[in-house]
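*Asks:* let me see the structure of the following:
(2 chains)
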Amino acid sequence: MTRIKFDEQTFETENAETVLHTLLRNNVQVPYGCKAGVCQSCLMRSLDNAPPEKSQVGLKDPQQKQNYFLACLCKPEKDMTITLPNTESVWLEAEVIEKKNLSTNVIFLKLKSKEPLAFFAGQFVNLRRDDGVIRSYSIANIHNGEHELEFHIRILRNGQFSRWVADELEIGMSLSFSHAQGNCHYVERQTEQPLLLIGTGTGLAPLYGIIRDALSHKHQGEIHLFHGSRDASGLYLEKKLIALTQQYPNFHYTPCLSGSDISEKYTQGRANQIALEKFPKLNGWRVYLCGQPEMVLHSKRAAYLQGASLKDISADAFAY
Amino acid sequence: MMTGTTTDLTLFEQLGGEAAVNAAVDIFYRKVLADYRINRFFDNVDMDTQAAKQKAFLTMAFGGPANYSGKDMRDGHAKFVKMGLDDSHFDAVMENLLATLAELNVPQNLIDQVDTIAQTTRNDVLGK
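*Replies:* Alright, predicted model coming up:
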């Protein structure tokens, strides 16, 4: 017999029943569909003990690593505290420890959490201002034990949150944030796998985090980054990325500009089109797509049609 | 004496179960999306959701656990029938399914069984 803690209540499982069965038997309503591990409607996550491997069949690698499981397949072997996906609404506190401009409209913001953190570079957190305004931002740094988070915040002309970050948020002030979420991060199991990363605008933030994570794990496969912007001022990490290409021979950086009248050191065109034309066969690749929703949607389909497995495509659409 | 050990296994087991479904879904859904005759029905759908549905369909066609009813199939395709979904489109999907199995070197006698099972969904899919 095992104990399942969900939503402040504890339930005991009976004779090898599934988590879904335990919950339904206790009149706890959670989403479910096929009850056979196919539809994935009953996706849940364990916040402590790892779920049995059999309950993770068909889930993506990052989800497996983060202890996601299908409640209908899960006959728990250990006690678990479980939650529905993306409902971990505990807010944590952090202090602003660095803030600077990366370009005229992108701010680098570094927070230090007041308590220990678990995250992967490339995942996102929600940042919350005192009055309740919330925005999601991707994590651009790797976990180094300091419990720090780095973000690239694009300042929008009428952005309620981003304008406040630009004009009023100061070093030493505190900010609430949520636990890290999302599947857009490096998976260390396959260090030989070629990686294709395509980002537009501040979609570069998670990709930069993923690249740093891959390099810190001594990734052996080729790593190709295509960063797109309208004009050169949007290539806000150009110098750092060029330096990385000199340090790591398997890392390649292609800055792409979609505007007209550009210097010849840049590739003219849209980053996703250039990348997907350059690599027409993506069998065995891992693909990361971050930025404008249109770009992400089209590129996901194109990358899949060009041979990448769906489980090897991680996408994060940025709403501005 | 020869015993029919393979025939003691269900079709689903002979095909390779869950792992075989996963291998087939990736190839099958790619063929469907690339097929100009039918891919308009797959615009504007979330690819991960759609792949999960394809997996449910293939699991059923492979003789595995079927977890939806004819009514689900009917309701799920009703809007496509309004868009003009007919036998020619169903045939195109079947063609992609059988080509997927051939590509995975599935023996012809098993392909025939999958064909038979998948064909049983035709009337529900087409709202007949």
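
*Asks:* could you measure from residue A:172 over to residue A:132?
*Replies:* 22 Å (CB to CB, to the nearest Å). (Glycine included, C-beta is placed from N, CA and C.)

*Asks:* residue A:138 against residue A:184, yeah?
*Replies:* Yes. Using CB atoms under 8 Å, residue A:138 is in contact with residue A:184, at 7.4 Å.

*Asks:* where do the contact lists of those two overlap?
*Replies:* Residues touching both residue A:138 and residue A:184 (CB atoms under 8 Å, 6 or more residues apart in numbering or on different chains) are A:122, A:123, A:124, A:206, A:290, A:316.

*Asks:* the first one: how many residues sit nearby?
*Replies:* Just to be clear, that refers to residue A:122. 31 (other CB atoms under 10 Å in any protein chain shown).

*Asks:* in what helix or strand does it lie?
*Replies:* Using DSSP states H and E, residue A:122 is not contained in any helix or strand.

*Asks:* buried residues in the helix or strand that contains residue B:109?
*Replies:* Assessed by DSSP H and E, residue B:109 sits inside helix B:108-119. In terms of neighbour count (16 or more other CB atoms under 10 Å in any protein chain shown), helix B:108-119 has its buried residues at B:110, B:111, B:113, B:114, B:118.

*Asks:* dump the residue contacts of the fourth one.
*Replies:* Right, residue B:114. B:11, B:15, B:61, B:62, B:63, B:97, B:98, B:101, B:106.

*Asks:* over to the second one?
*Replies:* Residue B:111 makes contact with B:98, B:101, B:102 under the criterion CB under 8 Å, 6+ apart.

*Asks:* for the last one, which non-adjacent residue is spatially closest?
*Replies:* Translated: residue B:102. With sequence-adjacent residues excluded and distances taken as CB to CB, 6 or more residues apart in numbering or on different chains, residue B:102 is closest to residue B:111, at 6.8 Å.

*Asks:* try residue B:73
*Replies:* Using CB to CB, 6+ apart, the nearest residue to residue B:73 is residue B:124, at 4.0 Å.

*Asks:* isn't there a strand covering the one you found?
*Replies:* No. Counting by DSSP: H, G, I helix; E, B strand; the rest coil, residue B:124 is not part of a strand but helix.

*Asks:* just the pLDDT for it.
*Replies:* In this prediction, residue B:124 carries a pLDDT score of 92.

*Asks:* please tell me how far it sits from residue B:87.
*Replies:* Distance from residue B:124 to residue B:87, by CB to CB: 13 Å.

*Asks:* what about these two, which has more around it?
*Replies:* residue B:124 (18 against 11).

*Asks:* wait, isn't the more buried one in contact with residue B:76?
*Replies:* No. The pair residue B:124 / residue B:76 is not scored as a contact, 9.1 Å apart, by CB under 8 Å.

*Asks:* just the C-alphas of whichever helix or strand residue A:82 is part of, formatted as CSV.
*Replies:* Per DSSP H and E, residue A:82 falls inside strand A:80-83. Extracted in CSV, the C-alpha atoms of strand A:80-83 (Å, rounded to 0.1, in the frame of the first residue of the first chain):
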residue,chain,number,x,y,z
MET,A,80,4.1,10.3,-4.0
THR,A,81,3.0,13.9,-3.7
ILE,A,82,1.4,14.6,-7.1
THR,A,83,0.0,17.5,-9.0
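
*Asks:* got the buried residues for that strand?
*Replies:* Quick answer for strand A:80-83 (16+ other CB under 10 Å): A:80, A:82, A:83.
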